[in-house]
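1. Okay, predicted coordinates and the sequence, questions at the end:
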Amino acid sequence: MRSTAITCSIFLTFCSTISAAVVDSAANGFVVKTSVAIQAAPDEVYRRIVNNIGDWWASDHTFSGDSHNLSIEEKPMGCFCEKLPNGGVRHMEVVNFVPGKTLVMSGALGPLQSMAATANMSIQLSSIAAVTGTASAVLTRVDVTYAVTGYLAAGINALAAPVDGVIGQQFARLKNLIEQGSPDKAAGR
């Protein structure tokens, strides 16, 4: 009984863990990585990323103020775009995708666009087998790596921590949406 309780505890701790970190940083660039385990199959997680970005991306990290103006075209050179009342924004371009496994996009997000920065976001999904006592669960590990290079007088790496925070926030919201039905973390958790 004690080993089952320990296994369940480890399982729940792992499932609720989201790690985000600046993994490399220099004056001319930085790399941030976010990893999250989501209680859903890789195909479902991938579909939510691509087809429902407006449901989990935070509206305060858009130009329009409404995340439902965001879309991702699932094709080579597909646009991660945002509709604006009198125009639009191309945030990134899809360069590689394998449904349920990989989504790679190229482009600078938000204020990085006006800094002539170049960036690449790689989203890797993998299935995790998790067993707790007699119960098993389908989990997906999502690893998001965002590499940025560019020039800023103070060093572009001055933006590493804020970018890390924003990327981490978005994928925490994706986890919350899939597991709890809402991107906003439930009260008291």
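-> Sure, I can see it.

2. Scan this structure for its longest helix.
-> Looking only at the chain and at elements set by DSSP state H, the helix with the highest residue count is helix 160-180.

3. Go through that helix and flag the buried ones.
-> When burial is assessed from 16 or more other CB atoms under 10 Å, helix 160-180 yields the following buried residues: 160, 163-164, 166-178. From N, CA and C alone the C-beta is placed, and that goes for glycine too.

4. and what of stretch 116-128?
-> Buried, per 16+ other CB under 10 Å, within stretch 116-128: 117, 119-125.

5. repeat for stretch 94-114
-> For stretch 94-114, the neighbour count (16+ other CB under 10 Å) marks 94-95, 97, 100, 103-110, 112 as buried.

6. Tell me the one among these nearest to Ile156.
-> Leu112 (8.3 Å; CB to CB).

7. you'd agree the closest one is in a helix?
-> Yes. The secondary structure assignment for Leu112 places it in a helix, going by DSSP: H, G, I helix; E, B strand; the rest coil.

8. thought it was touching Leu159?
-> Yes. At 7.2 Å, Leu112 counts as touching Leu159 under the criterion of CB atoms under 8 Å.

9. Overlap of the contact sets of those two?
-> Shared contacts of Leu112 and Leu159, defined by CB atoms under 8 Å, 6 or more residues apart in numbering, comprise Val148.

10. Can you get me a residue count around Thr145?
-> 17 (other CB atoms under 10 Å).

11. What distance do you get for it to Ser35?
-> Distance check for Thr145 against Ser35: by CB to CB, to the nearest Å, it reads 9 Å.

12. what's the answer for Thr17, then?
-> Applying CB to CB to Thr17 and Ser35 gives a distance of 8 Å.

13. out of those two, which sits in the busier spot?
-> Neighbour comparison, Thr17 and Ser35: the larger count goes to Ser35, with 17 against 10 (by other CB under 10 Å).

14. Now do the SS call for the more buried one.
-> Using three-state DSSP as the criterion, the local structure at Ser35 reads strand.

15. do the one 10 residues further on as well
-> Here Val45 is recorded as helix under three-state DSSP.

16. Great, nothing more from me.
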